[in-house]
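Chemist: Next one to model:
(one chain, ligands or ions: 2)
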Amino acid sequence: MNFKEDKIARIIRANKRLSRIESIFRSIKEGIILTDANGDILYANAAAKNILGISEDAQIFTLSKILPQIDAIELRSVCGGTASQREFEIAYPERRFIKVCMTPVDGEKEEAAIIISDLTNERISTRDKIESEKIASVLKLASGVAHELGNPINSISIHLQLALKTIAKMEESASLSRLKESVEICSQEVARLDGIIRHFLKALRPARPDFAEINPLAPLAETLKFLQNELQDLNIKLEINTENSLPSILGDTNLLKQLYFNLIKNAMEAMDLGGVIKIATSFDDNFVKIAITDSGCGIDQDEITRIFEPYFTTKTDGHGLGMMIAAEIVKSHGGSIGIDSRKNEGTTIRLSFPRKDKRIREIMAE
Ligand code: ADP
Ligand code: MG
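Modeler: Residues are numbered from 1 along each chain as shown. Ligands and ions are numbered 1, 2, ... in the order given. This next block holds a predicted model:
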């Protein structure tokens, strides 16, 4: 018997052996593969093919082609009687986490059974859970700190007002008017601090957003107005290229202002010597999309995946919460947020919000 005939004979023999229980293998969600010690495949059920992205009627011949992660030595040791189990990630046909258990087959010295389970859903939900627990604890901490800052700010603000009143009663002189100017600037800055903390606390509060039908650009326009002087000082130009009539969304204006504030602030901080922030919009049947592009320093490829993690920052004075809060706000609106970036060229943040008509359907279905 030559090699090929020998293999076909073994496949037929294995299938004959399996024929009585094959209906069971066909109906379970785990993939089952039977192979010999060389990695020649004798049998594979539909679930195995499905998990590994092979069409159901395709013939598969060697294990190394479909599961290169399992090496020949390992396979031989399984055929020799050692059971083994491994978990890994496969990228094709889609990103999946799989668990592979390999066991020797009773009475067949030269064969191994490979059982493949798809752990993707389990893994993703655990990861999401860990992530949201992490986020919840950070939010609690951050809101505690922000709350604590309220009292001293309040006290500074009262004393600055008192100082201004005292100054008003004093005799006018050049140095007194300089002092008055300084105290006024301090008052304005304290008021700004107070505003930031209020915003911050509002955005951190896990309460359900207060939705109203709005143009998603309206809170952006307000945020840009608020930052207008700072943008000018930094020599940053705005290029706004938006549709005349954008479909409305269901949005919480205050939350969206916080979202835009975080994004525009990051764009500003990414530009040392001035530059451009471009705002562009588009929409389709389901979504309204807003892209915010800056000509800043960009983000390293290996850092881009960490941007939304709490505490991830590349700035000496950064807190690493801005993007996490941004993502939370977008999520609470049923939308999505994405980043494209090139080091030294700039970054685009892409936001997409469900159109109002669509979102109402989703909320009604909840
Ligand atoms: P922080 O601004 O306090 O560092 P963020 O969560 O807002 O925290 O941002 C996290 C990190 O993401 C930043 O430190 C920066 O490295 C990167 N980043 C975010 N937006 C941009 C941007 N527009 N350009 C370049 N880097 C950015
Ligand atoms: Mg930031």
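Chemist: Asp194 belongs to a helix, doesn't it?
Modeler: Yes - residue state for Asp194 (DSSP: H, G, I helix; E, B strand; the rest coil) corresponds to a helix.
Chemist: Please verify my assumption that it contacts Pro152.
Modeler: No - using Cβ atoms under 8 Å, Asp194 is not in contact with Pro152; the gap is 10.8 Å. All C-beta atoms are positioned from the backbone trio N, CA, C, and that covers glycine.
Chemist: Name the residue in the two with the higher neighbour count.
Modeler: Asp194 (16 against 10; other Cβ atoms under 10 Å).
Chemist: which SSE is the residue found closest to Gly334 once you drop the neighbours it is linked to in the chain in?
Modeler: Among residues not flanking Gly334 along the chain, Pro354 sits closest, at 4.9 Å (Cβ to Cβ, 6 or more residues apart in numbering). Per DSSP states H and E: Pro354 is located in strand 346-354.
Chemist: got the buried residues for that strand?
Modeler: Neighbour counts over strand 346-354 (16 or more other Cβ atoms under 10 Å) mark Gly346, Thr347, Thr348, Ile349, Leu351, Ser352, Phe353, Pro354 as buried.
Chemist: Nearest to Leu52 among those?
Modeler: Nearest to Leu52 out of the buried residues of strand 346-354 is Ser352 (Cβ to Cβ; 32.5 Å).
Chemist: Give the bridge partners for the closest one, please.
Modeler: Per DSSP bridges, the residues bridged to Ser352 are Lys289, Ser336.
Chemist: part of a helix, is Lys257?
Modeler: Yes - with three-state DSSP as the criterion, Lys257 is part of a helix.
Chemist: Can you classify the residue nearest to it when sequence neighbours are not counted by secondary structure?
Modeler: Spatially, and ignoring its direct neighbours in sequence, Lys257 is nearest to Pro219 (4.4 Å; Cβ to Cβ, 6+ apart). Pro219 falls in the helix class when you classify it by three-state DSSP.
Chemist: tell me the SS of the residue most central in space within the chain?
Modeler: Centroid-nearest residue in the chain, with Cα atoms, centre = their mean: Phe308, separated by 5.9 Å. Per three-state DSSP, the local secondary structure of Phe308 is coil.
Chemist: re the thing from before, quick check: the farthest pair among the buried residues of strand 346-354?
Modeler: The most distant members of these, if one measures by Cβ to Cβ, are Gly346 and Pro354, lying 27.5 Å apart.
Chemist: tell me which element the nearest residue to Ser55 once chain neighbours are set aside is part of?
Modeler: Take Ser55 and drop its neighbours on the chain: the residue closest to it by Cβ to Cβ, 6+ apart is Lys49, 7.0 Å away. Element membership of Lys49 [criterion: DSSP H and E] is helix 46-52.
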